[in-house]
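Asks: only geometry, no sequence info:
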């Protein structure tokens with residue numbers, strides 16, 4: 001039976017810049033390896049329609065059946081809940097793509113989506129705040145090469161007891177690792193074991209405990225990224241003790257206050273839930289977009305939700321915010337793997 005117009009899958013094929021095609025092809029054929037026999041749920045919004053159209057074109061070339069959902073057709077933004085019609089469609093899909101410009105206070109709706117993705121082991125591409133620049137840069141990376149490097153990093157950190165990160169700007173951070181928590185490789189090659197952000201390129205875990213100073217001269221995540229962009233000229237300097245955020249300072253007082261408020265939303269919003277090493281060596285600089293910038297070679301951490309379904313962490317937060325720096329030196333136990341932002345490992 002045909003759904004009412006307000007709840008029907010929309011035809012998203014609109015004219016798009018052919019420069020988007022290489023990134024879309026990478027997403028569909030390389031990262032997700034979609035087959036003609038697999039049904040896909042494509043979720044987008046009005047601002048991302050051109051990119052969604054480029055992705056839909058590649059799905060049609062593969063011959064894969066798909067339903068495309070435009071959020072504004074289904075519910076007012078910001079979303080308080082993910083529309084049920086999308087959740088129902090995910091229940092019958094093998095693959096999903098989420099190409100959306102997120103708004104403040106929508107994390108709950110995304111968690112509802114990933115709960116289904118995790119339970120059904122859907123190969124899911126999370127393209128939060130995807131834009132033209134990311135499609136032309138990060139999404140054109142050689143993800144097979146990124147995957148090889150990511151695998152080398154993963155093999156090293158899985159055997160390690162600590163990771164030490166420093167920068168000339170003043171970062172000096174030590175992560176003591178919990179052997180009971182898993183390291184995940186999200187290199188852009190997406191498997192049923194863990195949904196992944198696109199563009200991909202990181203290896204991450206929930207740390208046992210993080211201590212030290214982090215000079216955030218890159219970006220902060222979630223909706224604060226769009227608000228503040230690159231922090232090169234106005235870094236946020238934070239101190240972490242016993243895995244909790246204890247200080248945050250910036251000459252940009254609004255940034256400082258917004259970040260502090262975000263990281264004190266619930267009892268674990270100030271707790272380090274993620275410790276990660278970016279491995280997308282196709283990226284040449286930070287651009288002020290967290291979706292791409294967290295994959296930039298170096299270290300980033302996140303406060304809040306530890307993605308315990310994947311890492312094994314047994315605590316939870318309803319928030320998650322990444323913080324990214326620049327030009328790291330990194331040691332895994334006593335072996336240096338990065339110097340001034342350049343990997344010392346061969347891909």
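Replies: Good, I have the coordinates. This one's a predicted model, so the numbers in the text were calculated from it and none came from an experiment. Numbers count the residues shown, from 1 in each chain.

Asks: ranges for the helices of the stretch 151-300 of the chain?
Replies: For the stretch 151-300 of the chain, helices defined by DSSP state H, counting those that start in this stretch occupy the ranges 222-228, 253-262, 290-293.

Asks: so which of those gets nearest residue 236?
Replies: Of all the helices of the stretch 151-300 of the chain, it is helix 253-262 that lies closest to residue 236, at 5.8 Å by CB to CB. In short, each C-beta sits where N, CA and C put it, glycine included.

Asks: any chance of the helices of the stretch 151-300 of the chain in CSV, plus mean neighbour count, distance to residue 134 and mean pLDDT?
Replies: What follows is the helices of the stretch 151-300 of the chain, written out as CSV (neighbours: other CB atoms under 10 Å; distance: least, CB to CB, whole Å; pLDDT from 0 to 100):
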stretch, mean neighbour count, distance to residue 134, mean pLDDT
helix 222-228, 19, 12, 92
helix 253-262, 16, 23, 98
helix 290-293, 26, 5, 91
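
Asks: Can you lay out those as a markdown table showing distance to residue 51?
Replies: Conversion of these to a markdown table gives the following (distance: least, CB to CB, whole Å):
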| stretch | distance to residue 51 |
| --- | --- |
| helix 222-228 | 16 |
| helix 253-262 | 27 |
| helix 290-293 | 12 |
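
Asks: and of those helices, who's closest to residue 204?
Replies: Comparison of those against residue 204 by CB to CB identifies helix 290-293 as nearest, at 14.0 Å.

Asks: Give me the helices and strands touching the closest one, please.
Replies: Using 3 or more CB pairs under 8 Å, 6 or more residues apart in numbering; DSSP states H and E as the contact criterion, the secondary-structure elements in contact with helix 290-293 are strand 123-128, strand 219-220, helix 222-228, strand 320-324.

Asks: Of the ones you listed, give the one that comes closest to residue 156.
Replies: For the helices and strands packed on helix 290-293, distance to residue 156 was read as CB to CB. The smallest value, 21.2 Å, belongs to strand 320-324.

Asks: Pick out the residue nearest the middle of the protein.
Replies: residue 197 (4.4 Å; CA atoms, centre = their mean).

Asks: Help me confirm that that one comes into contact with residue 129.
Replies: No. The criterion here is CB atoms under 8 Å, and residue 197 misses it with residue 129 at 10.3 Å.

Asks: Need the overlap of contacts for these two.
Replies: Overlap between the contact sets of residue 197 and residue 129, as judged by CB atoms under 8 Å, 6 or more residues apart in numbering, is given by residue 291.

Asks: can you give me the strands for the stretch 51-200 of the chain?
Replies: Under the criterion DSSP state E, counting those that start in this stretch, the stretch 51-200 of the chain contains strands at 66-70, 95-100, 123-128, 162-167, 172-176, 184-186, 196-197.

Asks: which residues does the residue nearest to the centre of the chain contact?
Replies: Residues near residue 197 by CB under 8 Å, 6+ apart: 125, 126, 127, 128, 186, 291, 294, 295.

Asks: State whether residue 287 and residue 293 are indeed in contact, as I suppose.
Replies: Yes. In this structure, residue 287 is within contact of residue 293 by CB under 8 Å, at 6.3 Å.

Asks: How about the contacts made by the residue lying closest to residue 21 once chain neighbours are set aside?
Replies: Excluding its sequence neighbours, the residue lying closest to residue 21 (CB to CB, 6 or more residues apart in numbering) is residue 54, at 6.0 Å. For residue 54, the contacting residues are 16, 17, 20, 21, 23, 24, 135, taking CB under 8 Å, 6+ apart as the criterion.

Asks: So which of those residues are in strands?
Replies: Of the positions in the contacts of residue 54, not one sits in strands, assigned by DSSP state E.

Asks: Of the residues you listed, select the buried ones using a PyMOL command.
Replies: Applying 16 or more other CB atoms under 10 Å to those, the buried members can be selected in PyMOL as follows:
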select buried, resi 16+20+21+23+24+135
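
Asks: For the stretch 1-150 of the chain, give me the ranges with low pLDDT.
Replies: Within the stretch 1-150 of the chain, the ranges that satisfy pLDDT under 70 run 1-8.

Asks: quick one: the helices in it?
Replies: Secondary structure of the stretch 1-150 of the chain by DSSP H, counting those that start in this stretch: the helices cover 21-25, 49-62, 71-74, 84-90, 107-120, 132-136, 143-157.

Asks: about what we covered before: and the contacts of residue 197, which two are furthest apart?
Replies: With distances taken as CB to CB, the most widely separated pair in these is 125 and 294, at 15.2 Å.

Asks: buried sites along stretch 178-198?
Replies: Applying a neighbour-count criterion of 16+ other CB under 10 Å, the buried positions in stretch 178-198 are 178, 181-190, 194-198.

Asks: list the contacts for residue 34?
Replies: Residue 34 is in contact with 28, 40, 59, 62, 64, 95, 123, counting by CB under 8 Å, 6+ apart.

Asks: what does residue 70 give?
Replies: With CB under 8 Å, 6+ apart as the criterion, the residues that contact residue 70 are 10, 12, 44, 45, 46, 49.

Asks: related to what we said a few turns ago, among the helices of the stretch 1-150 of the chain, which is the most enclosed?
Replies: The highest mean neighbour count among those, using mean count of other CB atoms under 10 Å, belongs to helix 49-62: a mean of 22.

Asks: between that one and strand 95-100, how many degrees?
Replies: Note on geometry: by axes from the mean of the first three to the mean of the last three CA atoms, to 10 degrees, helix 49-62 and strand 95-100 are set 160 degrees apart in direction.
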